[in-house]
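**Student:** what shape does this take:
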Amino acid sequence: MFIAELDHPDFARFDLSRLSTGIMAGSSCPNETMKRVVSTMHLTKITIAYGMTETSSVSFQSSTTDPLDKRTTTVGRI
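**Tutor:** I've put the predicted structure just below:
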């Protein structure tokens with residue numbers, strides 16, 4: 001979803017300056033995609049979440065204070 005938003009032909013027309021946080025889940029996020037999300041969507045506090053239907057929607061999540069490389073290479077903490 002984030003990749004599609006970043007690649008949207010009218011992306012530059014949207015004012016995203018008030019965004020700061022969000023959750024990325026469903027698939028692993030490449031480090032370069034995370035860097036683009038942080039820099040162009042202003043989501044400096046975005047986290048990575050992981051979960052299974054059997055255990056509720058989110059079982060693990062990174063923290064907003066984790067460095068970007070940790071957010072993109074782990075599923076966070078329980």
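
**Student:** contacting residues around residue 71?
**Tutor:** 29, 34, 46, 47, 48, 62 (CB atoms under 8 Å, 6 or more residues apart in numbering). Bear in mind the C-beta positions are built from the backbone N, C-alpha and C, glycine included.

**Student:** can you check residue 70 too?
**Tutor:** Counting by CB under 8 Å, 6+ apart, residue 70 touches residue 62.

**Student:** pop out the phi and psi values for it.
**Tutor:** Backbone torsions of residue 70, given as degrees, to the nearest 10, read phi -70, psi -40.

**Student:** surely residue 75 touches residue 62?
**Tutor:** Yes. Residue 75 is in contact with residue 62 according to CB atoms under 8 Å; the separation is 7.4 Å.

**Student:** any common contacting residues for the two?
**Tutor:** Joint contacts of residue 75 and residue 62 (CB under 8 Å, 6+ apart) are 48, 49.

**Student:** give me the more crowded residue out of these two.
**Tutor:** More crowded of residue 75 and residue 62, by other CB atoms under 10 Å: residue 62, with 23 against 17.

**Student:** sorry, back to before: would you turn the contacts of residue 71 into TSV with secondary structure, pLDDT and distance to residue 21?
**Tutor:** As requested, those are arranged in TSV below (DSSP: H, G, I helix; E, B strand; the rest coil; pLDDT from 0 to 100; distance: CB to CB, whole Å):
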residue	secondary structure	pLDDT	distance to residue 21
29	coil	85	15
34	helix	92	13
46	coil	93	6
47	strand	92	8
48	strand	91	12
62	coil	92	12
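
**Student:** may I see the buried residues of stretch 9-25?
**Tutor:** Buried residues in stretch 9-25, counting neighbours by 16 or more other CB atoms under 10 Å, are found at 24, 25.
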